[in-house]
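Novice: coordinates for the following, if possible.
(one chain, ligands or ions: 1)
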Amino acid sequence: MKHAAFRFYAELNDFLPPDRRMISFDHPFLLSGSVKDMIEALGVPHTEVDLVLVNGESVDFSHPVQDGDRISVYPVFESLDITPLVHVRPRPLRQTRFVLDTHLGKLAVYLRMVGFDTLYRNDYADETLARISSGEGRILLTRDRELLKRSMVTHGYWLRATDPRQQLVEVVRRFDLFRAIAPFQRCLRCNGLLEPVAKKAVSDRLKPKTRQYYDEFSICKTCDRVYWKGSHYQRMQGFIERLLEQGEVSSLP
Ligand SMILES: [Zn+2]
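Specialist: Below is the predicted model:
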């Protein structure tokens, strides 16, 4: 039997059993596989990993693990505290786009509500999710870590929270998106972009009360759904303001 010593850093420990967290532990093995396969066998999806050091040297995922190797595994640095560096820009440089697995319908609505390009359908197969993520450069969000172990998926994130609102906060924090929030620009139903529309153009589709009390309307360019700033809008606004307050708090020293 050969042996390697593994140590996982920061939130990668979320994937390990308690007795293996935050410490170096021994991992016996028979056949030398790639360091990627061994990390995933220990429970950590490769999409969560940004840096692997073997005996102090940076290696890529294909590195074959040898007897006696000491292996340190670090998470994607987006989640480490680089906020002072990132925040010199008014907005993130990258366009962050998502595709969500079939269990995350509520999170999809919340992400669209704050303006993020979010693909979601409740009938996407795992294969399809992986293909969309890879082909369109979308970050795959899921609570299913097996999905993130697919080799096609290079950008994915395993959600820790189970409550959809907490998941939204988690995603916005993780990818540092507080400054990219642009509410009420996307259709909550289909992810299409909204554009302003004249009241008279949609008037015949409105209920009498809506026609009476509201003058500003938007329409989805893709599915034609009409939006206005009713009571639902006020509630969403309050929700988004509270979310932004959390961003203020998290960027304090
Ligand atoms: Zn739409």
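Novice: can you pull out the helices in the stretch 51-200 of the chain?
Specialist: 83-86, 105-113, 126-136, 145-148, 164-174, 199-202 (DSSP state H, counting those that start in this stretch).
Novice: TSV for these, including mean neighbour count, mean pLDDT and distance to the ion?
Specialist: Glycine gets a C-beta too; all of them are placed from N, C-alpha and C. Formatted as TSV, the helices of the stretch 51-200 of the chain follow (neighbours: other Cβ atoms under 10 Å; pLDDT from 0 to 100; distance: least, Cβ to the ion, whole Å):
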stretch	mean neighbour count	mean pLDDT	distance to the ion
helix 83-86	11	40	31
helix 105-113	21	95	9
helix 126-136	17	93	18
helix 145-148	18	92	26
helix 164-174	18	90	20
helix 199-202	12	94	14
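Novice: indicate which one of those is closest to Val73.
Specialist: helix 145-148 (14.8 Å; Cβ to Cβ).
Novice: what helices or strands is the closest one leaning on?
Specialist: Packing partners of helix 145-148 (3 or more Cβ pairs under 8 Å, 6 or more residues apart in numbering; DSSP states H and E): helix 126-136, strand 139-142, strand 156-158.
Novice: on that earlier part again, let's have the helices of the stretch 51-200 of the chain in a markdown table, adding distance to Gly156.
Specialist: Output for these, formatted as a markdown table (distance: least, Cβ to Cβ, whole Å):
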| stretch | distance to Gly156 |
| --- | --- |
| helix 83-86 | 21 |
| helix 105-113 | 14 |
| helix 126-136 | 7 |
| helix 145-148 | 4 |
| helix 164-174 | 12 |
| helix 199-202 | 39 |
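Novice: closest one to Arg225 among those?
Specialist: helix 199-202 (10.2 Å).
Novice: which strands or helices does that closest one pack on?
Specialist: Using 3+ Cβ pairs under 8 Å, 6+ apart as the test, helix 199-202 ends up in contact with strand 217-220.
Novice: which elements pack onto the very next helix or strand once past the strand it packs on?
Specialist: The helix or strand immediately downstream of strand 217-220 is strand 226-228, counting by DSSP states H and E. Packing partners of strand 226-228 (3+ Cβ pairs under 8 Å, 6+ apart): strand 217-220.
Novice: that older thread, which stretch among the helices of the stretch 51-200 of the chain comes nearest His155?
Specialist: Using Cβ to Cβ, the helices of the stretch 51-200 of the chain put helix 126-136 closest to His155, at 6.5 Å.
Novice: near the ion, which residues of the chain are found?
Specialist: Cys187, Arg189, Cys190, Gly192, Cys220, Thr222, Cys223, Arg225 (Cβ under 5 Å from the ion).
Novice: next, the first one: phi, psi?
Specialist: It refers to Cys187. Reported as degrees, to the nearest 10, the phi and psi values for Cys187 are phi -70, psi 130.
Novice: list the buried ones in stretch 8-28?
Specialist: Phe8, Leu12, Asn13, Phe15, Leu16, Arg20, His27 (16 or more other Cβ atoms under 10 Å).
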